[in-house]
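predicted coordinates and the sequence they were generated for:
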Amino acid sequence: MEKATFGAGCFWGVEAMFRKVDGVASTRVGYAGGALPNPTYQDVCTDQTGHAEVVEVVFDPKQTSYEMLVQLFWDCHDPTQLNRQGPDVGAQYRSVIFYHSPEQEKIARASKERLQQSGRFHRPIVTQIEPAPEFWEAEEYHQQYLKKLGQDSCQI
């Protein structure tokens, strides 16, 4: 099994999308990339901790590829919006790929470059690509939040 970690705005809808992928064994929502140890949702919402809302994906590379997960990441949000997605504003909603290996870094950077060169977006892609920092699991009520509400995806 391998891990992948993505930030693409509010983690509820992103988590629900990755959870549906064949080969994904588990997903967890949480916080990564900031300075405060063991942050809470209230801490992260201040936009003062430096954390992003992220989804940690554990997947079987024999069933799904990291490349495919990165493609889903690009498709689920607007990577040209700096520190926001839709109505959610702040660095905690930034577009970021946290890689767990040199191979993941290579794949993520090449994919970003291909996407930028494709002309799909008319503005620069602002997605950050960084080594995976410590992952802090979000509170239980955030885990599979949309599933708990009986929803398949976010309506925003």
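Cool, the structure landed.

now what about the top helix by length along the chain, what contacts it?
The helix of greatest length in the chain, counted in residues with DSSP state H as the criterion, is given as helix 102-118. Residues outside helix 102-118 that contact it (C-beta atoms under 8 Å, 6 or more residues apart in numbering) are 4, 66-67, 70-71, 74, 79, 97, 99, 121, 124-125, 127, 129, 131. Yep, even glycine has a C-beta here, placed from its N, CA and C like the rest.

least confident secondary structure element in the chain?
Of all regular secondary-structure elements in the chain, judged by mean pLDDT, DSSP states H and E, the least confident is helix 145-148 with a mean of 77.

show me what that helix is packed against.
The criterion is 3 or more C-beta pairs under 8 Å, 6 or more residues apart in numbering; DSSP states H and E, and the helices and strands that helix 145-148 contacts are helix 11-19.

can you name the next helix or strand after the helix it packs on?
Next helix or strand after helix 11-19 toward the C-terminus (DSSP states H and E): strand 24-32.

buried stuff in that following strand?
Across strand 24-32, burial judged by 16 or more other C-beta atoms under 10 Å covers 24, 27-32.

from those residues, which two are the most distant?
Greatest spatial distance among the buried residues of strand 24-32 (C-beta to C-beta): Val24 and Tyr31, at 20.3 Å.

thinking again about what came up before, select from the contacts of helix 102-118 every entry located in strands.
Among the contacts of helix 102-118, DSSP state E puts 4, 97, 99, 129, 131 in strands.

now, of these, which are buried?
4, 97, 99, 129.

and the gap between the first one and Asn38?
Spelled out, that is Ala4. 22 Å (C-beta to C-beta, to the nearest Å).

again with the last one
Distance of Ile129 to Asn38, computed by C-beta to C-beta: 25 Å.

next: the third one.
Counting by C-beta to C-beta, the gap between Tyr99 and Asn38 amounts to 23 Å.

ok, the second one next?
Here the criterion is C-beta to C-beta. By it, Ile97 lies 23 Å from Asn38.

burial check on the closest residue to His51 other than its chain neighbours, number of neighbours?
Excluding its sequence neighbours, the residue lying closest to His51 (C-beta to C-beta, 6 or more residues apart in numbering) is Gly34, at 3.2 Å. Around Gly34 there are 19 other residues, counting by other C-beta atoms under 10 Å.
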